[in-house]
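Novice: sequence plus predicted model, see below.
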Amino acid sequence: MTDLHNKTLEELHQLIADAQTQLKITQRKQHKEVIAKIKVLADSIGVIVDIHENSNKNVSKKVSATVSIKYRHPDDTSKTWTGRGMKPKWLVELTNAGRDQNDFLIS
């Protein structure tokens, strides 16, 4: 094992760079071995696999838009609903009590 206490700053940086390079090489090798094993296993049961590698560099992030509020509780303005997904409990209770859902629409 290397004695890190006697290394200069430059030697330590080089050691880190070498270790990172070796890590990437080892990861790529392991990646290829796993893909090869998957193909062998799939072939053994008569299945053809098509592997699409996902590189995080090329993955676009999903941008979600804010949905405006369409309904508001008449007494508690902090209770709102966009009209998407399940109806909130407060709206279900009010409509079950005979109120019209359109009464709570925000104009």
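Specialist: Right, received. Where do you want to start? Numbering: from 1, shown residues only.

Novice: now the lengthiest helix in the chain: how far from the chain's centre is it?
Specialist: Across the chain, the longest stretch assigned as helix under DSSP state H is helix 9-44. Put simply, helix 9-44 sits 24 Å off its chain's centre (CA atoms, centre = their mean, to the nearest Å).

Novice: again, but for stretch 4-22
Specialist: Centroid separation for stretch 4-22 versus its chain: 34 Å, with CA atoms, centre = their mean.

Novice: which outside residues touch that stretch?
Specialist: residue 2 (CB atoms under 8 Å, 6 or more residues apart in numbering). (C-beta placed from N, C-alpha, C; glycine too.)

Novice: let me see the mean pLDDT of it.
Specialist: Per-residue pLDDT over stretch 4-22 has a mean of 92.

Novice: what does stretch 70-79 give?
Specialist: On average, stretch 70-79 scores 92.

Novice: same question, stretch 87-107
Specialist: 92.

Novice: tell me the buried residues in that stretch?
Specialist: Of the residues in stretch 87-107, 90-91, 94, 104 count as buried by neighbour count, 16 or more other CB atoms under 10 Å.

Novice: can you give me the end-to-end span of it?
Specialist: Distance across stretch 87-107, first residue to last, is 19 Å (CA to CA, to the nearest Å).

Novice: quickly list the domain ranges of this structure.
Specialist: Domains of the chain are assigned by automatic domain parsing as 8-51, 71-104.
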